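J.: Provided below for reference: sequence and predicted model.
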Amino acid sequence: MNSFIEFHFKRTLALFVILTAILPGMSCSRVKPGKLALINGKVYTVNPKMPWAEAVVVDSNTIVFTGSTADAKKYIGSETKVIDLNGRMVMPGFIDAHMHPALGSFVSSAVLLDYFGTTASWFDIIRKTIKENPDRKYYFFANFRSITFGPEGPLKADLDAIESSKPVIVFDNGFHSAWVNSKALEVAGIEKNTPDPVPGGHYYVRDKNGNPSGYCIEAQSFIPIILKLGVTPADIMKMEMATFPKLSAFGVTSVYDAGFVMEPEIFQAYLQLEKEGNLPMRVFASHWISNPKAVPTAIKDLQLLDKSYRSNLFRVNTMKIMLDGTSDALSSAMFDDYLPGGKGNGFVLLPQNELNDFVCKIDSAGFNIQIHSIGNRAISDALTAFENLKQKRGFTPTRKTVVHCQFFMPNTVERFKALRDVMANFTPSWMVSDPATLKIVGPEVYGRNMLFNSMDQAGVRICCGTDFPVGAGIEDVNPFKQIEIGHMRRNIGAADTDILPPASEKLSLETLIKGYTINGAYELGVENLIGSLEQGKRADIIVLEKNIFEQKSDDIHNNTVLLTVMDGKVVYDKMK
């Protein structure tokens, strides 16, 4: 054997010896066991590369495996908690990408009126509630409809006749207007000479002598009353602790708090709840702009909030602009007057040039932008601001969302499509037939109501938010209820004749689930962290009682969550 061949023979032999020693150990080694394994299920991952799986394994707060049950067994050790799903459906935790959890907790004591009821039925409920609760310091009600009272709205005198010594506040369905008694106005010092907070937008309806009638339009008009009720951060935290477990029971693992007043107090309450182990969800919060006077310092204020209130589960990273109001309060911005009788066409908070400038500055500061826009003019103004931003700065990493998007113009879908990176957030439970809204806006506008299937087909990202406490209170947070309505485009229990036209705008289950998971994560800028069940993402997972894809369309609201895991921790468990 020559030296060259001998050299390579010895080197090969040495390598063989080394591999012989190592490989048996490698073949017998196991991956690190997870702490929780869900096996034998139907796992809807919302990952287009692998939509379905059988098992998910979690270690600490992270998903370490998604795939077959057979392969999942490699991750199961003596300390692993194993849950045999017996074929049950698993999916990512729901992301409610637009709600007001702190406000909802604050008004959790509100008694809900029948939205379609009569004034007489509302007076009966108010009278009965006050009589049965004589020890309360103030009384909250919600869900009245201003159009039921006629063009001038409700009057304080009717509430005074029931209760005159304690404040009574009755919020409308959307919490954009309030009907109050004289005592409520008195405690806040609101009288004839009190200026309207935002003339033409947030204001007090007045009688012929200029005195407030008891009907307060938009938040800045009734916020002074709320602030005078003596509610403390401790009160808010106590109310939140009563409300938040219900969100876990609905499978909600992340929320976007779209804002209200008392921001530092509310944000501190979130952090304290997390510190005590009582925050069962991720919270992405915002700085709420509902008064033009707040604009000059808004970015500095948001920067301070973002710096001061940040933790593992909480972040303040969005500017929320309340550009218009609601159709119920006749305050959403429309191109045409409301019907009947030309009762104005709503308002916009900021003129177009000021909105354009504000949006550019927010984007430059690196914050997400959400613009509340219900009326077709408000939606158009929001899109114009984002078109201006795109022209000046191109595509930027901040997340930009038009919220609610109720009344479309003929070119609205195409404008969204051209922008590409602007999302639309909507509330599926609003997609129901409503003769009163038809009367308010007229048949042409009503026929372009929430055209979200067209948006989806055009490739526009859409996501879901309940706007809690708007609607039926905490029960409206139920994602299964929202998904059924969005899928059927009619209210639960309604007949096919009650579909909100056009029927072609019904949404698929796949689209609605994306809207409640990965698209919601994208809106919040955390799609690499949550929103789908993939290796390396946070373990926000829910187990369903029924497979939503196997249910009848009108039975989806009867589904329930059996297990909710948030950040790797079980926060709700009905599988025992």
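T.: Yep, it's here.

J.: show me where pLDDT drops low in the stretch 351-500 of the chain?
T.: Scanning the stretch 351-500 of the chain with the threshold set as pLDDT under 70 gives 472.

J.: all helices of it, in order?
T.: 352-364, 376-393, 412-419, 435-441, 443-446, 452-457, 479-488 (DSSP state H, counting those that start in this stretch).

J.: which residue ranges of the stretch 1-150 of the chain form helices?
T.: Assignment of helices within the stretch 1-150 of the chain using DSSP H, counting those that start in this stretch yields the ranges 3-28, 69-72, 101-106, 119-132.

J.: now the longest one: mean pLDDT?
T.: To tie it back to what came earlier, the one meant is helix 3-28. Mean pLDDT, helix 3-28: 46.

J.: and residue 200, what does it touch?
T.: Counting by CB atoms under 8 Å, 6 or more residues apart in numbering, residue 200 touches residue 347. In this view, the C-beta of every residue, glycine as well, is placed from N, C-alpha and C.

J.: most centrally placed residue in the protein?
T.: The structure's the chain has its C-alpha centroid closest to residue 98; by CA atoms, centre = their mean the separation is 2.0 Å.

J.: and that one, how far from residue 424?
T.: If you measure residue 98 against residue 424 using CB to CB, to the nearest Å, the figure is 11 Å.

J.: do the same with residue 364
T.: For residue 364, the distance to residue 424 under the criterion CB to CB works out to 23 Å.

J.: the more surrounded of the two?
T.: Each of residue 364 and residue 424 has its neighbours counted (other CB atoms under 10 Å); residue 424 has more, 27 against 14.

J.: now do the same contact list for the nearest residue to residue 113 once chain neighbours are set aside.
T.: Spatial nearest neighbour of residue 113, excluding adjacent residues (CB to CB, 6 or more residues apart in numbering): residue 143 at 4.4 Å. Residues in contact with residue 143 (CB under 8 Å, 6+ apart) are 112-115, 171-173, 472.

J.: just to check, residue 172 is in contact with residue 147?
T.: No - counting by CB atoms under 8 Å, residue 172 sits too far from residue 147 to count as a contact (10.0 Å).

J.: on that earlier part again, could the contacts of residue 143 go into TSV alongside neighbour count and distance to residue 368?
T.: Output for those, formatted as TSV (neighbours: other CB atoms under 10 Å; distance: CB to CB, whole Å):
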residue	neighbour count	distance to residue 368
112	17	32
113	24	35
114	12	37
115	17	32
171	25	27
172	25	28
173	20	27
472	18	28
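
J.: want to throw the residues you listed into a markdown table with distance to residue 484?
T.: Output for the contacts of residue 143, formatted as a markdown table (distance: CB to CB, whole Å):
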| residue | distance to residue 484 |
| --- | --- |
| 112 | 20 |
| 113 | 24 |
| 114 | 21 |
| 115 | 19 |
| 171 | 26 |
| 172 | 25 |
| 173 | 20 |
| 472 | 14 |
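
J.: pick the one among these closest to residue 251.
T.: Ranked by distance to residue 251 (CB to CB), those are led by residue 472 at 18.0 Å.

J.: you'd agree residue 88 is up against residue 550?
T.: No - Residue 88 is not in contact with residue 550 according to CB under 8 Å; the separation is 11.2 Å.

J.: which one's more surrounded, these two?
T.: When neighbours are counted by other CB under 10 Å, residue 88 and residue 550 differ, and residue 88 comes out ahead with 20 against 8.

J.: and the gap between the more buried one and residue 505?
T.: The gap separating residue 88 from residue 505 is 31 Å, by CB to CB.

J.: mind giving me the packing neighbours of the helix or strand harbouring residue 520?
T.: When elements are defined using DSSP states H and E, residue 520 is found to belong to helix 518-523. The contact analysis (3 or more CB pairs under 8 Å, 6 or more residues apart in numbering; DSSP states H and E) places helix 518-523 against strand 94-99, strand 252-257, strand 422-426, strand 462-464.

J.: need these in TSV with distance to residue 206, can you?
T.: As requested, the helices and strands packed on helix 518-523 are exported to TSV (distance: least, CB to CB, whole Å):
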stretch	distance to residue 206
strand 94-99	33
strand 252-257	33
strand 422-426	35
strand 462-464	39
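
J.: of all those, which lies closest to residue 500?
T.: Using CB to CB as the criterion, the shortest distance between residue 500 and the helices and strands packed on helix 518-523 is 12.5 Å, found for strand 422-426.

J.: now that closest one against helix 479-488, angle please.
T.: The directions of strand 422-426 and helix 479-488 differ by 110 degrees, with axes from the mean of the first three to the mean of the last three CA atoms, to 10 degrees as the criterion.

J.: show residues contacting strand 422-426.
T.: Contacting residues not belonging to strand 422-426 are listed as 97-98, 370, 383, 386, 399-405, 416, 450, 452, 455, 460-465, 519, 522-523 [CB under 8 Å, 6+ apart].

J.: pull up the pairing partners for it, direction included.
T.: strand 400-404 (parallel), strand 462-464 (parallel) (DSSP bridges).

J.: rebuild the ones you listed as CSV, extending it with mean neighbour count and distance to residue 480.
T.: As requested, the strands paired with strand 422-426 are arranged in CSV below (neighbours: other CB atoms under 10 Å; distance: least, CB to CB, whole Å):
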stretch, mean neighbour count, distance to residue 480
strand 400-404, 27, 21
strand 462-464, 27, 12
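
J.: which one of these lies closest to residue 246?
T.: When those are compared for distance to residue 246 using CB to CB, the nearest one is strand 462-464, at 17.8 Å.

J.: okay, helices next: where are they in the stretch 151-300 of the chain?
T.: If you assign secondary structure with DSSP H, counting those that start in this stretch, the helices in the stretch 151-300 of the chain sit at 156-160, 182-187, 219-227, 233-249, 263-275, 298-308.

J.: would you turn those into TSV with distance to residue 125, mean pLDDT and mean neighbour count?
T.: Shown next, in TSV, are the helices of the stretch 151-300 of the chain (distance: least, CB to CB, whole Å; pLDDT from 0 to 100; neighbours: other CB atoms under 10 Å):
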stretch	distance to residue 125	mean pLDDT	mean neighbour count
helix 156-160	12	95	18
helix 182-187	18	95	21
helix 219-227	20	87	21
helix 233-249	22	84	18
helix 263-275	29	90	18
helix 298-308	38	97	16
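
J.: can you tell me which of these is nearest to residue 93?
T.: Judged by CB to CB, the one of those that comes nearest to residue 93 is helix 233-249, at 9.2 Å.

J.: tell me what the closest one is packed against?
T.: Taking 3+ CB pairs under 8 Å, 6+ apart as contact, the helices and strands that helix 233-249 lies on are helix 101-106, helix 263-275, strand 561-566, strand 569-573.
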